[in-house]
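Participant: structure for this input, please:
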Amino acid sequence: MAREAEAIPPTLMLETKPLAGARILVVEDDAVQALDLAASLGEAGADIIGPVASLSEAWDLALENSCDAAILDLRLRDRNATALARQLLHQGVPFIVYTGYPDSAFFRSDWPGYELVTKPADLKHLMRRVAALIAWKRNA
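Facilitator: As a prediction, this is how the structure comes out:
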């Protein structure tokens, strides 16, 4: 007789899919990094919006979609994404600035709802940071 599968405890499910159902906007102009981010987010259970490489595409997606969080490369090929970051703050969307330029003048510690992660970063760490921002937003 076949043994029935035991139900997975909800806490264990949350640990394996920490971003389950979260809608995450990804703005990254390096194709390899964008695909890596999308794959990691997907494995963590997120619904991915993008990834997009241009500021104009990112604006369109940010305005057309409800996002729980975003991962932004600040320096894109076509422009700087600072204005998009400010708009996300205005909309109450927490985000991670994922950049190779940590000394940028953009970063302001008094802005709630964003975090700086310097490239290259461990993608599991990045997923934990996204999950923490979403939790922060829900508890704010």
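Participant: residue ranges in this structure under the pLDDT threshold?
Facilitator: 1-15, 78, 102-113, 140 (pLDDT under 70).
Participant: what about the strands in it?
Facilitator: 23-27, 47-52, 69-72, 95-99, 114-118 (DSSP state E).
Participant: out of these, deepest packed?
Facilitator: When you average the neighbours per residue for each of those (mean count of other C-beta atoms under 10 Å), strand 69-72 leads with a mean of 27. Just so you know, the C-beta spots here come from the backbone N, C-alpha and C atoms, and that holds for glycine as well.
Participant: return the distance of the longest helix along the chain from the chain's centre.
Facilitator: Criterion DSSP state H: the longest helix present in the chain is helix 123-139. Centroid separation between helix 123-139 and its chain, computed with C-alpha atoms, centre = their mean, to the nearest Å, is 8 Å.
Participant: that one - contacts with which helices or strands?
Facilitator: The contact analysis (3 or more C-beta pairs under 8 Å, 6 or more residues apart in numbering; DSSP states H and E) places helix 123-139 against helix 31-43, strand 69-72, strand 95-99, strand 114-118.
Participant: one more time with 6 Å, if that's ok
Facilitator: strand 69-72 (3 or more C-beta pairs under 6 Å, 6 or more residues apart in numbering; DSSP states H and E).
Participant: same for the strand it packs on, what does it pack against?
Facilitator: Applying 3+ C-beta pairs under 6 Å, 6+ apart, one finds that strand 69-72 contacts strand 23-27, strand 95-99, helix 123-139.
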